[in-house]
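J.: generate a structure from the sequence data that follows.
(one chain, ligands or ions: 1)
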Amino acid sequence: MGRRARNKQGAPLPLELENKIEGKVTKKLHDRLKHEAQRSRKQKLSAAKQNAKKPEQTKTNGKRKDNSVEPKKAKKIKAQLEEEEESDVEMVQVDGAPEDGWDNAPIESDEDMESMSDFDSSDDQESDAESASDEKVTQMPLSLLESDSDEDENANSDEDSDGDELADSASGSGGMESYDEFDMDSDEEPMTFRDMEKKSRLLDKERAEDEEMAALEVAGAGAVVEGEREVFQLPTEEQVAAEEETPLDLTQVQMRIQEIIRVLNNFAELREDGRSRSDYMAQLQRDMCFYYGYNEYLMEKLLQLFTVSEAVEFFEANEVGRPVTVRTNTLKTRRRDLAQALINRGVNLDPIGKWTKVGLTIFDAPVPIGATPEYMAGHYMIQAASSFLPVIALAPQENERVLDMSAAPGGKTTYCSALMKNTGLVVANDANRERQKALVANIHRLGVANAIVCNYDGREFPKIMGGFDRVLLDAPCSGTGVISKDASVKTNKGPEDFAMLTNLQKELLLSAIDSVSADSSTGGVIVYSTCSVTVEENEAVVNYALAKRPNICLVDTGLDFGRSGFVSFRGRSFHSSLSLTRRFYPHIHNMDGFFVAKFKKTSNKIQTGENEFTVPTGSGVKLKQKKKKRHH
Ligand SMILES: C[S@@+](CC[C@H](N)C(=O)[O-])C[C@H]1O[C@@H](n2cnc3c(N)ncnc32)[C@H](O)[C@@H]1O
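T.: The predicted structure is shown next:
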C-alpha cells in the first residue's frame, strides 16, 4: 500500500486535467484544483452511493435477488441455467480452455455466446470489454468507488503471491464490505452491481469533465499565467536535499508527478532550459517512490517497462485489489450448477470472461466465499484469474504424465487434474514442505485422484523422474505482478533478490525442459510462468533457455489476449520468437501481472558445440551426459 493509501489522501487529480493547463501550475491553483476535485468527487460519490444502495435495500427487506425482488441479471442466469439443465453436457472437457461451463451447452452458437454476455448486464453494451482482448477491462471493482480505501490491505500477503486459493485469504469479506455501505432504503428499481459500475463510470467521466472545466476557468482567470511560456521548474539540488529533511506533502508530490509527466510528454515544448530528460526522470522516480512507497531499485525497474503515463496507471492499479475469482472444479460440478448454488446464497457473480469456461468473478457475497458448503465440498478453488492462464497454455491431455515442478498450494495442479479428468498422472512437486500442506489439502478437497506429491528441489529433476509429456514451471519469482496482494514487494526486493531469483528460474527452467520427452506422442510441451512483470525474470530467462537448449522452440501459448513479450529491451535483443510469449497487466487486463511462455521440445538430444547431452525419453530415466558434465 502506498503512502497515498496509507495516509488516506484523496485520489490524484486526473492527469488530463493537468495536461490541459499549459505552463506552471501554482500552489494556489493546485490547492484550488484539489479542492474542486475533492468537492466534485464527494458529490459524485455520494450520488453513486445513493444509487448503489438499492441491492441492499432488498436485503434489508429480506428480499434478496433470488426471492421476490429479483434483478434482471439473476433471472437471466436462472433462465440460462434452466435451458442448460435440459442438455446433457460433459462435466469436463480437455484441450485447455473449452471446458464445460454454463455457456458451453453443446448446441451453443456464437450468437448464444453473445446472449450470454447479455447476462453480464442487460443494457451494457460493453460486455466485450471482458473478453479476451488487449483493451482495458472496464469491470470496476467497488473499491474504486472509494479512492482512499484501505480495504485492499486485507488482501493475501501470504507467500502464495500469485493469489491462489488460500481459504483464509478469502474467508473474510474483504472488498465485499463496501457492499454494506450502500445500504439505504429507496423506492427506485433495484440495480445490479454492473449497473452501479456503469453509473459510477459515467459519474467519474462527468467528474473529470467538471474538473477540467474548473481548471480551465481558473487558468482563464489568470491563476496560471502562461505569459509567453512559464515553465514548470524542477527543484534544485538544494531543494531536493531540503525535501529529504522536510518532505513535501503528498498532494504537492502528486502535483509534481503530473507536472513532470506533462513535460516529458511534450519535452521539446515544455522542458526547462538546461535540464535533460534524465533530470526529469530522476525527479519523477524519487517522487513516485515517495508517493507510492516503492524502493528506488524496484521503481526504476518498473518505470522502464512503460511509458511514464502508463507507469502511473500500473502503480495506481497496484493500489486497488483485483476482483475475487474462483475456478469451478469440473471434477465435481459444472459452472452453471456452482453459479446457481452460490446465487442461492446471495452471491453476486459473473463469468470472468469468454476466455475461460470455468471461472467466475465474485462481486459480493453475504457469506465468506472460502467457507461455503460448496467450497468445503471442493466445488471450486479460489484462484486468481491470471493463475488459469499457464494451465490453459499447458493444455494437459487425458492419460498424460504431467509434472508441476513448483506446485504449492496447488491451484494449477488441481486445474491440470480437472482437465485430465483425473486420468494419467500429475506429479505435484514443491521444494517447500510447509506450503505442501496446503497443496495436499487442496488435492483432497477437490477430489483429485491422479496426483502424487513430492518434495524435491526442482533442479534435481530429471534425475529423479523424467520423460514427462508436459511440464509446468510456475516459477518462484519476485511477485511484482501481485503487489496489490502483497505490498511488501514494494520495499523488500533488492538487486540480490533479483540475482538469486533469476539464477534459480534459469536452472529450474532447464530442468523442466530436460524432464520432458520430445518423443511424447501428445505433448513434449513446457510452460514457464511467473507472477512478475520484470523482463529479467521473464524474457531474459526464456531467452537464456533458448540459447542453452537448441532442442526447444517457443510456440503460441493459445492465449488470445495479453501483450506480446519483449523482443528487445533497453538495447538488449531477444530471440524474435519471444513475441509468442504473453504478458498480462493489472491496469490493462484487470488481473494480476503475469507472464506465460510455451515451449515445444523437438529432440531429446542437445547439440551445443562440443557438448552433446542425452536427456530422458522414458519414465524415471536418469540424465545421461556425454563428454562433459553439464552446468546449469
Ligand atoms: C508461484 S509459487 C507456485 C504456485 C503454484 N504453482 C500454484 O498454482 O498454486 C512458486 C513455488 O515455487 C516453490 N519453489 C521455490 N523454489 C523451488 C525449487 N527450487 N524447486 C521447486 N519448487 C520451488 C515455492 O515453494 C512456491 O511454492
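
J.: list the contacts for residue 445?
T.: Residue 445 makes contact with 376, 378, according to Cβ atoms under 8 Å, 6 or more residues apart in numbering. C-beta coordinates here come from the backbone N, C-alpha and C atoms, glycine included.

J.: I misspoke; the intended subject was residue 534.
T.: 301, 302, 305, 478, 480, 498.

J.: for the residues you listed, which one is nearest residue 367?
T.: Closest to residue 367 out of the contacts of residue 534 is residue 480 (33.0 Å), distances taken as Cβ to Cβ.

J.: distance of that closest one relative to residue 333?
T.: 35 Å (Cβ to Cβ, to the nearest Å).

J.: comparing those two, which residue is more hemmed in?
T.: residue 480 (26 against 20; other Cβ atoms under 10 Å).

J.: I'd say the more buried one and residue 533 touch.
T.: Yes. With contact defined as Cβ atoms under 8 Å, residue 480 reaches residue 533; the gap is 5.1 Å.

J.: helices of the stretch 451-600 of the chain, residue ranges please.
T.: Taking DSSP state H, counting those that start in this stretch to define them, one finds helices in the stretch 451-600 of the chain at 489-492, 495-514, 539-548, 586-589.

J.: tell me which of those helices is the most buried.
T.: Mean neighbour count (mean count of other Cβ atoms under 10 Å) peaks for helix 586-589 among the helices of the stretch 451-600 of the chain, with a mean of 23.

J.: give the rounded mean pLDDT of it.
T.: Averaging pLDDT along helix 586-589 gives 97.

J.: which strands and helices lie in contact with that helix?
T.: Contacts defined by 3 or more Cβ pairs under 8 Å, 6 or more residues apart in numbering; DSSP states H and E place helix 586-589 against helix 308-317.

J.: pull up the pairing partners for the helix or strand following the helix it packs on, direction included.
T.: Going down the chain from helix 308-317, the next helix or strand is strand 324-328, by DSSP states H and E. Looking at strand 324-328 with DSSP bridges, its partner strands are strand 359-364 (antiparallel), strand 380-382 (antiparallel).

J.: what does strand 324-328 contact?
T.: For strand 324-328, contacts defined as Cβ under 8 Å, 6+ apart pick out 101, 170, 174-176, 334-335, 338, 352, 356, 358-362, 369, 379-385, 388, 411, 415.

J.: residues of the stretch 351-500 of the chain that sit close to the ligand?
T.: Contact residues (Cβ under 6 Å from any ligand atom) of the stretch 351-500 of the chain with the ligand: 387, 405-412, 430-432, 435, 457-459, 474, 476.

J.: give me the buried subset of these.
T.: Using 16 or more other Cβ atoms under 10 Å as the burial test, those include 387, 405-412, 430-431, 435, 457-458, 474, 476 as buried.

J.: which members of these define the maximum pairwise distance?
T.: Checked with Cβ to Cβ, these reach their widest spread between 387 and 457, with 22.8 Å between them.

J.: buried subset of the contacts of strand 324-328, written for PyMOL?
T.: Listed next is the PyMOL selection for buried residues among the contacts of strand 324-328, using 16+ other Cβ under 10 Å:
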select buried, resi 101+170+174+175+176+334+335+338+352+356+358+359+360+361+362+369+379+380+381+382+383+384+385+388+411+415
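
J.: could you report the neighbour count for residue 313?
T.: 17.

J.: give the contact list for the closest residue to it other than its chain neighbours.
T.: Take residue 313 and drop its neighbours on the chain: the residue closest to it by Cβ to Cβ, 6 or more residues apart in numbering is residue 587, 4.1 Å away. In this structure, residue 587 makes contact with 136, 310, 313, 314, 316, 317, judged by Cβ under 8 Å, 6+ apart.

J.: restrict those to those near the ligand?
T.: Taking Cβ under 6 Å from any ligand atom as the test, the ligand is in contact with none of the contacts of residue 587.

J.: so which of the buried ones among the residues of the stretch 351-500 of the chain next to the ligand belong to helices?
T.: 411, 412, 435 (DSSP state H).

J.: can you put those residues in JSON lines and add pLDDT and distance to residue 570?
T.: Below are these laid out as JSON lines (pLDDT from 0 to 100; distance: Cβ to Cβ, whole Å):
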{"residue": "411", "pLDDT": "98", "distance to residue 570": "33"}
{"residue": "412", "pLDDT": "98", "distance to residue 570": "31"}
{"residue": "435", "pLDDT": "96", "distance to residue 570": "34"}
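
J.: what's the closest of those to residue 519?
T.: Nearest to residue 519 out of these is residue 412 (Cβ to Cβ; 24.7 Å).

J.: the closest one reaches residue 470, doesn't it?
T.: No. Using Cβ under 8 Å, residue 412 is not in contact with residue 470, being 11.7 Å away.

J.: surely residue 427 is in a strand?
T.: Yes. Residue 427 sits within a strand when classified using DSSP: H, G, I helix; E, B strand; the rest coil.

J.: related to what we said a few turns ago, just put the contacts of residue 534 in CSV and tack on pLDDT.
T.: Formatted as CSV, those follow (pLDDT from 0 to 100):
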residue, pLDDT
301, 96
302, 97
305, 97
478, 98
480, 98
498, 97
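
J.: out of the residues you listed, flag the one nearest to the ligand.
T.: The closest of the contacts of residue 534 to the ligand turns out to be residue 478 (Cβ to the nearest ligand atom; 10.6 Å).

J.: ok, now which ones touch that closest one?
T.: Residue 478 is in contact with 489, 493, 497, 498, 501, 532, 534, 537, counting by Cβ under 8 Å, 6+ apart.

J.: by pLDDT, give me the weakest of those.
T.: Among the contacts of residue 478, residue 493 has the weakest pLDDT, 92.

J.: for residue 302, see how far away that residue is.
T.: Distance from residue 493 to residue 302, by Cβ to Cβ: 11 Å.

J.: who touches both of these two?
T.: With Cβ under 8 Å, 6+ apart as the test, residue 493 and residue 302 both reach residue 480.

J.: need the next SSE after the helix or strand containing residue 282, C-terminal direction.
T.: Element membership for residue 282 (DSSP H and E) is helix 277-292. Downstream of helix 277-292, the first helix or strand assigned by DSSP H and E is helix 296-303.

J.: between that following helix and helix 495-514, how many degrees?
T.: Angle of helix 296-303 versus helix 495-514, following axes from the mean of the first three to the mean of the last three Cα atoms, to 10 degrees, is 50 degrees.

J.: what's near enough to touch the closest residue in space to residue 474 that isn't next to it in sequence?
T.: Closest residue in space to residue 474, ignoring its immediate chain neighbours: residue 529 at 5.0 Å, by Cβ to Cβ, 6+ apart. Each residue near residue 529 by Cβ under 8 Å, 6+ apart is listed here: 389, 390, 393, 472, 473, 474, 475, 594, 595, 596, 597.

J.: go with 7 Å
T.: Counting by Cβ atoms under 7 Å, 6 or more residues apart in numbering, residue 529 touches 390, 474, 594, 595, 596.
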